[in-house]
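A.B. asks: sequence first, predicted coordinates after that:
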Amino acid sequence: MSSPELADARLSALIAHYYDAALDSSLWPGTAKRTAQALDSTSTVIKLHGDGARVDLLECTDNLVVAERDRAWAEDWHRRDLWVERSVAHGLSRVITDEDLVTPEEQARSGFYQEWLRHLDIHHMLGAVFHAADGVIGVLGIHRTREAGAYSEVERSKVALLLPHLQRALRLGRRLSALSQAHAAALQALDRVDTGVMVVDERCRVVLSSAMADALLRGNTELAVHGGCLVLQQPALRDALSAQVRAAVNVAQGEPGDAGAALCVPRAGRLPLVLEIAPLRPTTSAFGDQGPAALVFIRDPEAPADLDRLRALFDLTRTEAAVAAALAQGRSLEGIASGLGIGLATVRSHLKRILAKTGTHRQAEVVALLARCA
C-alpha cells in the first residue's frame, strides 16, 4: 500500500472509530491519540467550551495531562485558550492553523505561548471550533512541536474531512448518553417502588421484570414464571390473566377496548395479591420496532414496610414504627399485639401516639397514610 493510500486508510478508520465510540463510550479513551497519529502529530485535545467559562475536557493525548498539583493552572489556561477565542472569530467549522491566528511576534510575547504551550511542547496547531449544542462550542486541536514543522494545505483538507464526522459523532454520543441516563433512571425508579412491574407480550412471555417483581415471584407460590411466561397457579385465574393480557396488547396496537384491567389473586390465610394489566404501546424506529405489549403491576398489601422510613417521617420510636408497619399491612390490633408479643392495651397506647405524631384522628386515616408512605 502506497503512502497516500495508507493515509486515506487511516482517515477512514478514524472516522469509523468516531461513530463506534459514539455508540460505545468504552471505545472513547484513546480517540485523541488516534487522531494525532492520523495527522502525524504529537498531541490532540477534544473539549467543550460552555457558558460561564466552563470547559469539559472530553479527551486528550497523555502528553497533555498535567500533574494534580497543576490542575487549577491548566484549567485556567483552557478557559483562556487564545486559539479558541481567535478561531471563534474566524468562524465555526472553519479549519485553521496557528499561522491564521497569531503572528510570530505575538507568539513570542504571548503568555499563552510562553507559559502554557511551552510547558506542553506545542508550537504548531491545526484544528477548528464547531457548534456542539446550545451554548456549547466544540474544540478540536491537533498539535506539533516546532521541529516537526507547520501544517500543510493537504493536512488542512484532511481535518476538513474529519471534522463533520467528529461533530456528528459527538452529537450522537451526547444524545445516546441522555437516553441511557433516562433508561437507567426509569429502571432504578422501578426498583424503588413497592409495586412489581413486568412487561409481557401477548403470550405472557416476560420481556422485562423489575427487582420488586422478581422478589414477589420468589415470595409467592400463587404466581410464577414457567418457560419464560408469567402464569398463575389456579387455572381459572391463569386463563383470566391470559385474556386480560391479550386484550391489553390489542389495545396497545390500536384496537378499541378498555385501558386496563385488574385481577385479585387469593392467598391462603393472607391478603390477596393485586395484579393490574395495562397496554404498552409500541415504539417505532427505522432500526426496528418494539411490538405492542402489556404492563403487569403486582402489589402485595402485606409487603414489609420500611421501619427506618417511618421513624424518619413521623419521629416514631422503634416499637411505634413496628406497630405502624403492621397497621399499614392491614393487621388488627389484636393481631399486632400477638405478633409483637405485647398487650392489647400497649398497642392501643402506641396507636394513640402514632395518631398524634401523624396528625390523623382515626385508625382508618392513619392506615391509609401509612400504607402510602411505607
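C.D. replies: Cool, the structure landed. Numbers count the residues shown, from 1 in each chain.

A.B. asks: going by neighbour count, which residues in stretch 331-340 are buried?
C.D. replies: Taking 16 or more other C-beta atoms under 10 Å as the neighbour-count basis, stretch 331-340 is seen to contain the buried residues 331, 333, 336-337, 340. In this view, the C-beta of every residue, glycine as well, is placed from N, C-alpha and C.

A.B. asks: same question for stretch 201-215.
C.D. replies: For stretch 201-215, the buried set under the neighbour-count rule, 16+ other C-beta under 10 Å, comprises 201-202, 204, 206, 209-210, 212-213.

A.B. asks: can you give me the end-to-end span of that stretch?
C.D. replies: Taking C-alpha to C-alpha, to the nearest Å, stretch 201-215 runs 21 Å from one end to the other.

A.B. asks: renumber starting at 571 from here on
C.D. replies: Understood, numbering begins at 571; the last thing we discussed is stretch 771-785.

A.B. asks: for that stretch, what is the average pLDDT?
C.D. replies: Confidence over stretch 771-785, taken as the mean pLDDT, stands at 92.

A.B. asks: before we move on, what about stretch 728-738?
C.D. replies: Rounded to a whole number, the mean pLDDT of stretch 728-738 is 96.

A.B. asks: what does it contact?
C.D. replies: When contacts are taken as C-beta atoms under 8 Å, 6 or more residues apart in numbering, the neighbours of stretch 728-738 outside the stretch itself are 577, 581, 584-585, 588-589, 605, 608-609, 616, 663, 665, 696-698, 700-702, 708, 710, 712.

A.B. asks: quick one: buried ones out of the residues you listed?
C.D. replies: Neighbour counting by 16+ other C-beta under 10 Å classes 577, 581, 584-585, 588-589, 605, 608-609, 616, 665, 696-698, 700, 702, 708, 710, 712 among those as buried.

A.B. asks: any idea which element residue 778 lies in?
C.D. replies: Element membership for residue 778 (DSSP states H and E) is strand 776-779.

A.B. asks: partners of that strand, with directions?
C.D. replies: Here the strand partners of strand 776-779, with direction, are listed using DSSP bridges: strand 765-770 (antiparallel).

A.B. asks: which elements pack onto the host helix or strand of residue 575?
C.D. replies: Using DSSP H and E, the element containing residue 575 is helix 573-593. Using 3 or more C-beta pairs under 8 Å, 6 or more residues apart in numbering; DSSP states H and E as the contact criterion, the secondary-structure elements in contact with helix 573-593 are helix 601-608, helix 723-762.

A.B. asks: relative to helix 573-593, how tilted is the shortest one?
C.D. replies: Relative orientation of helix 601-608 with respect to helix 573-593: 170 degrees, computed using axes from the mean of the first three to the mean of the last three C-alpha atoms, to 10 degrees.

A.B. asks: for the last one, same thing?
C.D. replies: What separates the directions of helix 723-762 and helix 573-593 is an angle of 20 degrees, with the same axes, to 10 degrees.

A.B. asks: tell me the buried residues in helix 723-762?
C.D. replies: Of the residues in helix 723-762, those buried under the neighbour-count criterion (16+ other C-beta under 10 Å) are 725-726, 728-729, 732-733, 735-737, 739-740, 743, 760.

A.B. asks: next, the nearest residue to residue 678 once chain neighbours are set aside: secondary structure please.
C.D. replies: Counting by C-beta to C-beta, 6 or more residues apart in numbering, the nearest residue to residue 678 once its immediate chain neighbours are dropped is residue 684, at 7.9 Å. At residue 684 the chain is in helix, as set by DSSP: H, G, I helix; E, B strand; the rest coil.

A.B. asks: quickly note the distance from residue 684 to residue 635.
C.D. replies: Between residue 684 and residue 635 the computed distance is 21 Å (C-beta to C-beta, to the nearest Å).

A.B. asks: tell me which helix or strand in this structure has the weakest average pLDDT.
C.D. replies: Evaluated with mean pLDDT, DSSP states H and E, the helix-and-strand set of the chain has its lowest mean pLDDT in helix 674-679, which scores a mean of 82.

A.B. asks: so what touches it?
C.D. replies: Applying C-beta under 8 Å, 6+ apart, the contact partners of helix 674-679 are 668, 683-684.

A.B. asks: try 7 Å
C.D. replies: Contacting residues not belonging to helix 674-679 are listed as residue 683 [C-beta atoms under 7 Å, 6 or more residues apart in numbering].

A.B. asks: C-terminal to that helix, what's the next element?
C.D. replies: helix 681.

A.B. asks: tell me if residue 611 really is in a helix.
C.D. replies: No: assessed by three-state DSSP, residue 611 does not belong to a helix; its assignment is coil.

A.B. asks: can you dump the C-alpha atoms of the least confident helix or strand of the chain in CSV for me?
C.D. replies: Extracted as CSV, the C-alpha positions of helix 674-679 are listed here (Å, rounded to 0.1, in the frame of the first residue of the first chain):
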residue,chain,number,x,y,z
PRO,A,674,5.3,35.2,15.1
GLU,A,675,5.8,38.4,17.1
GLU,A,676,2.6,37.9,19.1
GLN,A,677,3.6,34.3,19.7
ALA,A,678,6.9,35.4,21.1
ARG,A,679,5.4,37.7,23.7
